[in-house]
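**Student:** Requesting a structural model of the entry that follows:
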Amino acid sequence: SLEAEHICENYVEQQKLEEMGIGARIQPICLSTPYPELSYKWTKDTHVYLTYRKGSEKEYGITLIEELAPRCPGIKFHLYGGSIPEETFNKEIKNYHACIRLNEHDGFGDALAKAALMGQWPISVIQYPHITYAPDSKSLVASLQDLKNKKEPNYPGRAYWLKELSRDLI
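**Tutor:** Just a heads-up that it's a prediction; the model follows:
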């Protein structure tokens with residue numbers, strides 16, 4: 001039999017692999033290089049963004065955001081669902097407050113990594129260190145509304161993710 005070390009990006013994937021009898025260690029990765037610079041600046045209007053694959057709007061939480069947006073006045077939602085050059089995407093998101101990742105079965109999305117590295121305050125339905133955990137609609141709305149209070153960059157989150165994402169896989 002072949003000896004292999006299995007690696008996955010979060011506890012959701014780790015649990016699924018465990019159910020199949022495969023032990024894996026968790027190590028998120030970011031495919032985007034070079035890593036984005038710290039760019040977070042608070043503004044009166046809150047800007048958040050989601051990425052999604054066309055045809056998978058429900059899975060990526062787009063339909064949920066459409067339902068919840070009226071409860072979030074003052075928040076501008078930016079949806080990225082097509083192919084956009086990475087340079088353009090990075091330039092647009094660098095002045096936003098947070099990436100929202102609502103996939104329940106997901107790896108560690110590059111958009112979350114970029115948000116953390118830029119000093120933003122990302123929000124996810126999967127738990128990660130220094131990323132706001134919002135497992136349901138109520139906590140998501142509260143987390144979105146709280147972004148207006150995030151006057152400073154997420155320095156601890158940026159430091160943690162710089163170190164974590166820079167680790168060698170092996």
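**Student:** Strands along this structure, start to end?
**Tutor:** Taking DSSP state E, the strands of the chain run over residues 6-8, 24-26, 46-51, 75-80, 98-101, 123-124, 132-133.
**Student:** Indicate which one of those is closest to Leu144.
**Tutor:** strand 75-80 (5.6 Å; CB to CB). No exception for glycine: its C-beta is placed from N, CA and C like everyone else's.
**Student:** in its sheet, what does the closest one sit against?
**Tutor:** Applying DSSP bridges to the sheet, strand 75-80 is found paired with strand 46-51 (parallel).
**Student:** how about the CA coordinates for the partner strand, as PDB?
**Tutor:** Taking Å, rounded to 0.1, in the frame of the first residue of the first chain, the C-alpha atoms of strand 46-51 are listed here in PDB:
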ATOM      1  CA  THR A  46     -19.700  49.300   4.700                       C
ATOM      2  CA  HIS A  47     -18.600  47.300   1.600                       C
ATOM      3  CA  VAL A  48     -18.700  43.500   1.600                       C
ATOM      4  CA  TYR A  49     -18.200  41.000  -1.100                       C
ATOM      5  CA  LEU A  50     -19.000  37.400  -2.000                       C
ATOM      6  CA  THR A  51     -17.600  35.200  -4.700                       C
END
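**Student:** Please spell out which residues along stretch 116-136 are buried.
**Tutor:** Going by neighbour count (16 or more other CB atoms under 10 Å), the buried part of stretch 116-136 is 116-126, 128, 130-132, 134.
**Student:** which residues sit in contact with the residue nearest to the spatial centre of the chain?
**Tutor:** Residue closest to the average C-alpha location in the chain (CA atoms, centre = their mean): Leu112, at 2.5 Å. Counting by CB atoms under 8 Å, 6 or more residues apart in numbering, Leu112 makes contact with Cys99, Arg101, Pro122, Ser124, Tyr128, Ile131.
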